[in-house]
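Student: whatever this is, show me its structure:
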Amino acid sequence: MLFNSYPFILVFLPITLLGYYLISKKKLQLWFLLLASLFFYCYWSTTYVFLLLFTVILDFYIAKGIYKATTQIRRKQLLLTSVICNLTILGFFKYFNFFAESINGLFSMMGSQGPLPYSHLILPIGISFYTFQSMSYVIDVYRRQSDAHANLLEFAGYVTLFPHQISGPLVRHNVIVPQLEAAKTYLFNADNFWRGCYFFIFGLSKKMLIADRIALVVDPLVRSMSFASNLEALLAMVGYTIQLYFDFSGYSDMAVGLGLMMNIEFPQNFNSPYKSRSITEFWQRWHISLSSWLKDYLYVSMGGNRQGALKTYRNLFLTMAIGGLWHGANWTYLVWGCFHGFLLLTERFVMGRGLNKKILSFAKWPLTFGLVNLGWVFFRSPNLETAILWLKKALFLTSQRSLDMTLIMDRHKDRFFVALIVGFLSALYLKNTWQFSFMPSKGRALLLAFLLSLCLMYMGEESPFLYFQF
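Tutor: You can find the predicted model right below:
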């Protein structure tokens with residue numbers, strides 16, 4: 001079930017909100033929210049919901065065991081059990097075919113048949129997000145940064161909560177569980193509900209009125225990159241940069257809005273990342289919840305910056321490489337992660353020697369934005385061959401150069417350019433949704449109603465959010 005669908009907006013959401021507030025007892029409200037979240041997941045798959053519940057129960061009781069353990073050896077054993085179980089499940093469903101294809105490809109190059117079979121299992125939706133969230137709880141308890149939660153119901157509610165269940169943001173347990181335990185969360189709050197409507201409708205508009213309009217041109221261009229002109233390749237690169245931001249930040253805004261409708265506050269996940277003047281700043285603004293997770297649970301675990309410059313560079317590079325591979329089982333994601341890892345350690349080296357002061361101030365933004373665009377080419381491409389061809393054409397490095405735009409279909413061209421220009425200017429010069437003080441008024445209510453009506457008109461052309469695949 002998609003947030004940008006009639007079943008969700010006209011049926012699931014109203015029933016869930018009514019049931020949530022009409023039930024008068026806190027525990028029953030939480031049970032209702034848990035069941036609604038499980039139904040939301042089951043709408044996609046009734047089989048893999050048991051995998052989600054297994055993760056919840058496993059990590060809840062392992063965390064309890066760690067909290068009660070009296071020896072460090074026992075604590076480590078339990079932590080390793082959680083990490084191994086979680087990563088084995090994630091690795092099998094998400095990466096088995098990737099490694100099988102890679103190993104079999106090597107055998108094929110040597111003239112023999114590959115030893116590994118190909119799995120036909122479907123990737124469980126949201127597995128990367130809920131695995132990381134559940135596992136972070138166990139790690140926090142092991143590090144003694146958190147106590148073990150007393151009730152399985154609240155913890156299950158946190159992991160399965162439908163607004164962030166599928167594509168994040170990666171919200172920490174110590175942010176959500178205390179809210180689920182508080183009695184005031186279950187009392188209707190008009191101000192929070194209004195703010196929730198604002199975030200949800202603006203997020204929906206970002207997805208449907210900008211990202212999806214751009215996707216109608218970018219997706220066919222990427223599929224036909226070998227026939228695209230240099231100008232079309234360049235437009236596809238910039239177009240995807242804007243599309244991805246408005247698609248994923250739109251989802252994050254909708255998740256925030258849904259949470260607020262139920263008095264549950266999520267942290268900000270995007271902070272105008274395309275205004276960044278360095279790659280380091282970009283990662284402080286882009287997908288903030290993932291950047292924070294990778295820093296706290298991967299970079300710090302490897303030693304962070306505590307073991308000298310060379311190991312700091314190594315840890316930074318490996319963190320970004322693994323973060324890239326987390327996004328998908330494809331060499332393109334690994335290259336994208338390594339690309340950003342190289343940029344980050346280069347920046348760290350340059351800044352550590354004061355060389356960044358020699359870069360003219362006006363050049364920092366276009367340099368950063370340009371490098372981010374180049375990285376997204378690998379992120380979007382289905383394979384490395386397409387990525388390399390796309391980059392050559394976008395950078396006008398091909399032997400035959402063309403400004404022709406025949407592949408940009410006439411019936412989509414106008415909407416594409418309008419959405420691209422509006423998205424580009426909004427991302428660079430306007431406030432983001434968190435920076436607006438959207439106080440209740442008749443005029444603003446009419447604006448929300450107008451935007452929602454426009455989105456409902458386009459809803460027949462609904463498309464999945466890009467981060468659903470991760």
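Student: could you list the domains of this protein?
Tutor: 6-188, 192-469 (automatic domain parsing).
Student: any chance of these in a markdown table, plus mean neighbour count and mean pLDDT?
Tutor: For glycine as for every other residue, the C-beta is placed from the backbone atoms N, C-alpha and C. A markdown table is the format used below for these (neighbours: other CB atoms under 10 Å; pLDDT from 0 to 100):
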| stretch | mean neighbour count | mean pLDDT |
| --- | --- | --- |
| domain 6-188 | 17 | 89 |
| domain 192-469 | 18 | 90 |
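Student: look up how far residue 236 lies from the closest residue in space to residue 396 that isn't next to it in sequence.
Tutor: The shortest distance from residue 396 to any non-neighbouring residue, by CB to CB, 6 or more residues apart in numbering, is to residue 230 (5.0 Å). Applying CB to CB, to the nearest Å, the value for residue 230 to residue 236 is 11 Å.
Student: overlap of the contact sets of those two?
Tutor: Listed contacts common to residue 230 and residue 236 are residue 394; contacts here mean CB atoms under 8 Å, 6 or more residues apart in numbering.
Student: coming back round to it: ok, the residue nearest to residue 396 - contacts?
Tutor: Residues counted as contacts of residue 230 (CB under 8 Å, 6+ apart) are 393-394, 396, 398, 401-403.
Student: kindly recompute the last result at 7 Å.
Tutor: Residues touching residue 230, when contacts are defined by CB atoms under 7 Å, 6 or more residues apart in numbering, comprise 393, 396, 398, 401-403.
Student: surely residue 17 and residue 260 touch.
Tutor: No: with contact defined as CB atoms under 7 Å, residue 17 and residue 260 do not form a contacting pair (11.5 Å).
Student: was I right about residue 172 contacting residue 136?
Tutor: Yes: in this structure, residue 172 sits in contact with residue 136. The criterion is CB under 7 Å, and the distance is 6.4 Å.
Student: if we can go back for a sec, among the contacts of residue 230, which lie within helices?
Tutor: When DSSP state H is applied, these are split such that residue 393 fall in helices.
Student: ok, which pair from the contacts of residue 230 is furthest apart?
Tutor: Of all pairs drawn from the contacts of residue 230, the greatest distance, 12.5 Å, lies between 398 and 403 (CB to CB).
Student: so after the helix or strand residue 388 falls within, what's the next helix or strand?
Tutor: If you go by DSSP states H and E, residue 388 is part of helix 384-394. Taking DSSP H and E as the definition, the helix or strand that follows helix 384-394 towards the C-terminus is helix 410-429.
Student: please state the offset of the very next helix or strand once past that following helix from the chain centre?
Tutor: Along the chain past helix 410-429, the next helix or strand (assigned with DSSP H and E) turns out to be helix 442-458. Averaging C-alpha positions (CA atoms, centre = their mean, to the nearest Å) puts helix 442-458 26 Å from its chain's average.
Student: quick one: list the elements packing against helix 442-458.
Tutor: With contacts taken as 3 or more CB pairs under 7 Å, 6 or more residues apart in numbering; DSSP states H and E, helix 442-458 sits against helix 190-205.
Student: contacts for the helix or strand just after the helix it packs on?
Tutor: Using DSSP H and E, the next helix or strand after helix 190-205 towards the C-terminus is helix 212-223. Residues lying outside helix 212-223 but in contact with it, judged by CB under 7 Å, 6+ apart, are 228, 232, 236, 239-240, 242-243, 380-381, 407-408, 412, 415-416, 419-420, 423, 461, 463.
Student: okay, angle between helix 212-223 and helix 410-429 too, please.
Tutor: 110 degrees (axes from the mean of the first three to the mean of the last three CA atoms, to 10 degrees).
Student: now helix 212-223 against helix 384-394, angle please.
Tutor: Angular relation of helix 212-223 and helix 384-394 on a 0 to 180 degree scale: 110 degrees, by the same axes, to 10 degrees.
Student: can you name the next helix or strand after helix 212-223?
Tutor: Heading C-terminal from helix 212-223, the first helix or strand you meet, by DSSP H and E, is helix 230-261.
Student: just checking, what packs against the first helix or strand past that next one going along the chain?
Tutor: Counting by DSSP H and E, the element after helix 230-261 in chain order, helix or strand, is helix 279-285. Counting contacts by 3+ CB pairs under 7 Å, 6+ apart, helix 279-285 packs against helix 331-352, helix 361-380.
Student: by contact count, what packs against the first one?
Tutor: On a contact count with 3+ CB pairs under 7 Å, 6+ apart, helix 331-352 meets helix 279-285, helix 309-326, helix 361-380, helix 384-394.
Student: residue 120 versus residue 100, what's the distance?
Tutor: If you go by CB to CB, the gap between residue 100 and residue 120 works out to 12 Å.
Student: ugh, typo on my part, it should be residue 338
Tutor: From residue 338 over to residue 120 the distance is 30 Å, taken as CB to CB.
Student: ok, residue 75 next?
Tutor: Using CB to CB, which is the criterion applied here, residue 75 is 39 Å from residue 120.
Student: if we can go back for a sec, and the helices and strands packed on helix 279-285 as a markdown table, adding distance to residue 5?
Tutor: What follows is the helices and strands packed on helix 279-285, written out as a markdown table (distance: least, CB to CB, whole Å):
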| stretch | distance to residue 5 |
| --- | --- |
| helix 331-352 | 27 |
| helix 361-380 | 24 |
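Student: among the helices and strands packed on helix 331-352, which is nearest residue 442?
Tutor: Distances from residue 442 to each of these were compared using CB to CB; the minimum, 33.9 Å, belongs to helix 279-285.
Student: now the element after that closest one, going C-ward?
Tutor: Remark: after helix 279-285, the chain's next helix or strand is helix 288-294, criterion DSSP H and E.
Student: the longest helix belonging to the chain - contacts with which helices or strands?
Tutor: Longest helix in the chain by number of residues, with DSSP H as the criterion: helix 72-109. Counting contacts by 3+ CB pairs under 7 Å, 6+ apart, helix 72-109 is packed against helix 49-68, helix 127-142.
Student: what's next to the last one, contact-wise?
Tutor: Under the criterion CB under 7 Å, 6+ apart, residues 52, 55-56, 59, 62-63, 66-67, 75, 79, 82-83, 86, 90, 93-94, 146, 148, 159, 165, 167-168, 170-173, 293, 297, 326, 470 lie in contact with helix 127-142.
Student: dump the residue contacts of the closest residue to residue 184 other than its chain neighbours.
Tutor: By the measure of CB to CB, 6+ apart, the closest residue to residue 184 outside its immediate chain neighbours is residue 263, 6.9 Å from it. Contacts of residue 263 were listed using CB under 7 Å, 6+ apart, and they are 184-185, 189, 192.
Student: how much space is there between the residue nearest to residue 152 when sequence neighbours are not counted and residue 264?
Tutor: Residue nearest to residue 152 in three dimensions, not counting chain neighbours: residue 60, with 5.3 Å by CB to CB, 6+ apart. Computed as CB to CB, the residue 60 to residue 264 distance reads 19 Å.
Student: now residue 225
Tutor: Computed with CB to CB, the distance linking residue 225 and residue 264 is 42 Å.
Student: equivalent analysis for residue 130, please.
Tutor: Distance of residue 130 to residue 264, given as CB to CB: 16 Å.
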